[in-house]
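1. Kindly generate the corresponding structure for this input.
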Amino acid sequence: MGHDEDILVVPRAALLSGAVHGFTTQGAADYVVRVRDHATFRRRGDMEHDPSMKQIIPYLIIRHRGRLFLFQRSAAGGEARLHGKFSIGVGGHINRSDVEGAADVLDAGLRRELDEELVIDAPWRARLVGVLNDDTNPVGQVHFGLVHVVDVESPAITVRESDTLSGRLTDPREVRALYERMETWSQLILDAGDPMRL
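-> A predicted model of the protein is given here:
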């Protein structure tokens with residue numbers, strides 16, 4: 001990955017009709033329609049500091065029978081501000097090279113992110129449950145999350161790149177107890193309610 005990769009973006013004006021903050025389940029399908037209608041691929045380096053454009057991020061919450069998959073970033077990860085932080089989801093950009101030729105670039109991007117981060121030895125089902133937006137900081141100003149719940153039929157889930165990320169299925173009460181050590185997007189989802197009820 002680098003600044004020269006082409007990533008999926010949508011003009012802010014076409015995506016957000018008003019002020020949206022945090023995680024919401026309201027109108028999620030409408031946001032997806034706007035993404036499909038107005039998305040384009042642009043050079044990542046040109047988008048990182050351009051709040052007039054929103055980088056589209058599939059954000060995946062992994063669940064199995066009443067437990068959440070809890071991620072933790074290691075010090076070996078590329079983004080220093082995330083070192084040691086916990087997360088109830090994993091997400092990433094949709095790169096042109098990963099989804100070129102796909103009939104549905106959003107679905108292809110979701111599947112690519114899941115396969116890149118995790119090894120899941122069981123059937124799974126992903127479902128759009130909401131969107132995430134946080135314009136309170138420079139990083140959030142240029143990103144927009146399409147939040148999916150991924151229900152997995154088996155607990156056989158492992159992190160693929162274990163040098164930068166670790167993870168395990170966890171009781172939701174433990175997740176709540178780690179709130180202060182969570183990444184911002186995870187905190188925003190927890191602020192909105194119970195991720196087990198999505």
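2. Which helix in this structure has the most residues?
-> helix 105-117 (DSSP state H).
3. which helices and strands sit right next to it?
-> Applying 3 or more Cβ pairs under 8 Å, 6 or more residues apart in numbering; DSSP states H and E, we find helix 105-117 packed against helix 28-38, strand 53-64, strand 90-91, helix 96-99, strand 124-133, strand 143-152. To be clear about C-beta, it is placed using only N, CA and C from the backbone, and glycine gets the same treatment.
4. Averaged pLDDT, the last one. What do you get?
-> Confidence over strand 143-152 (mean pLDDT, whole number) is 98.
5. Can you say which of the helices and strands packed on helix 105-117 is nearest to Arg173?
-> strand 53-64 (14.7 Å; Cβ to Cβ).
6. who does that closest one pair up with?
-> strand 6-11 (antiparallel), strand 67-73 (antiparallel), strand 90-91 (antiparallel), strand 143-152 (parallel) (DSSP bridges).
7. contacting residues around the shortest one?
-> Just to be clear, that refers to strand 90-91. If you take Cβ atoms under 8 Å, 6 or more residues apart in numbering as the criterion, strand 90-91 is touched by Ile57, Pro58, Tyr59, Leu60, Ile62, Phe71, Glu113, Glu117, Leu118, Gly145, Leu165, Trp185.
8. Might you report the residue contacts of Arg176?
-> Leu190.
9. do you know how far it is from Gly91?
-> 21 Å (Cβ to Cβ, to the nearest Å).
10. do the same with Leu15
-> Relative to Gly91, and taking Cβ to Cβ, Leu15 is found at 17 Å.
11. Equivalent analysis for Ala122, please.
-> 21 Å.
12. same check, this time on Val129
-> Separation of Val129 from Gly91 (Cβ to Cβ) stands at 13 Å.
13. do Tyr179 as well
-> 19 Å.
14. Do you know the pLDDT at the residue nearest the centre of the chain?
-> In the chain, the residue lying closest to the centroid (Cα atoms, centre = their mean) is Tyr59, at 1.8 Å. Listed pLDDT for Tyr59 reads 98.
15. do the same with Asp121
-> At Asp121, pLDDT is 92.
16. Kindly state the beta-bridge partners for the residue nearest to the centre of the chain.
-> Gly91, Val147.
17. Please apply the same query to the one 10 residues further on.
-> When bridges are called by DSSP bridges, Phe69 pairs up with Leu169.
18. How about the contacts made by it?
-> Counted by Cβ under 8 Å, 6+ apart, Phe69 has contacts Ile61, Ile62, Arg63, Ile88, Leu118, Ile157, Gly167, Arg168, Leu169, Thr170.
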